[in-house]
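**Q** Whatever this is, show me its structure:
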Amino acid sequence: MSFSLIAALLWIVIANFVAMLPSRDHHWKAAYAFIAIGVPILGWLTWENGPWIGLLALAAGVSILRWPVRYLGRWMRRKAGLDKPVHPAE
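**A** I've put the predicted structure just below:
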């Protein structure tokens, strides 16, 4: 087992443990830290183990950090002008 795979699995275990703890800010500070740590680990893992393992690790990270990913997607849609304003039925 490569060191990058061990680091990614350790990241997943620690992220899940932190998610179980109570938080006043709904874990946003922890999410920023996990993103900052996880992106280099993901690049390292993909470099050493190939793109398929990297995609699996990316999917695991997205499943753990699903709310920041949702907010990023909403922000990107707003910036691209793809969100249509919702008007109540008349």
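**Q** Need the residues that contact the helix or strand bottoming out on mean pLDDT in the chain.
**A** Counting by mean pLDDT, DSSP states H and E, the chain has its least confident helix or strand at helix 66-80, which shows a mean of 88. With CB atoms under 8 Å, 6 or more residues apart in numbering as the contact definition, helix 66-80 has outside contacts at 26, 28, 31, 35, 62, 83. The C-beta positions use only the backbone N, C-alpha and C, and glycine is treated the same way.
**Q** one more time with 6 Å
**A** Helix 66-80 is contacted from outside by 31, 62, 83, using CB atoms under 6 Å, 6 or more residues apart in numbering.
**Q** next one: stretch 14-28
**A** The contact list for stretch 14-28, computed with CB under 6 Å, 6+ apart, reads 30, 34, 64.
**Q** quick one: average pLDDT of that stretch?
**A** For stretch 14-28, mean pLDDT rounds to 90.
**Q** Please apply the same query to stretch 56-65.
**A** 93.
**Q** So for that stretch, what gets flagged as buried?
**A** 57-58, 60-61, 64-65 (16 or more other CB atoms under 10 Å).
**Q** Name the surrounding residues that touch it.
**A** By CB under 6 Å, 6+ apart, the list of residues contacting stretch 56-65 from outside reads 8, 12, 15, 31, 38, 42, 45, 69.
**Q** longest helix anywhere in this structure?
**A** Longest helix in the chain by number of residues, with DSSP state H as the criterion: helix 28-49.
**Q** mind saving the C-alpha coords of that helix as PDB?
**A** What follows is helix 28-49, C-alpha atoms only, in PDB (Å, rounded to 0.1, in the frame of the first residue of the first chain):
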ATOM      1  CA  TRP A  28     -17.400  25.100   7.700                       C
ATOM      2  CA  LYS A  29     -13.900  25.900   9.200                       C
ATOM      3  CA  ALA A  30     -13.100  22.200   9.200                       C
ATOM      4  CA  ALA A  31     -14.300  21.900   5.600                       C
ATOM      5  CA  TYR A  32     -11.900  24.700   4.500                       C
ATOM      6  CA  ALA A  33      -9.100  22.900   6.300                       C
ATOM      7  CA  PHE A  34     -10.000  19.500   4.800                       C
ATOM      8  CA  ILE A  35     -10.200  21.000   1.300                       C
ATOM      9  CA  ALA A  36      -6.800  22.600   1.700                       C
ATOM     10  CA  ILE A  37      -5.200  19.400   2.900                       C
ATOM     11  CA  GLY A  38      -7.200  17.100   0.700                       C
ATOM     12  CA  VAL A  39      -6.400  18.600  -2.700                       C
ATOM     13  CA  PRO A  40      -2.600  18.000  -2.500                       C
ATOM     14  CA  ILE A  41      -3.200  14.500  -1.200                       C
ATOM     15  CA  LEU A  42      -5.600  13.800  -4.100                       C
ATOM     16  CA  GLY A  43      -3.000  15.000  -6.600                       C
ATOM     17  CA  TRP A  44      -0.300  12.900  -4.900                       C
ATOM     18  CA  LEU A  45      -2.600   9.900  -4.900                       C
ATOM     19  CA  THR A  46      -3.500  10.300  -8.500                       C
ATOM     20  CA  TRP A  47       0.100  10.700  -9.500                       C
ATOM     21  CA  GLU A  48       1.200   7.600  -7.700                       C
ATOM     22  CA  ASN A  49      -1.800   5.300  -8.300                       C
END
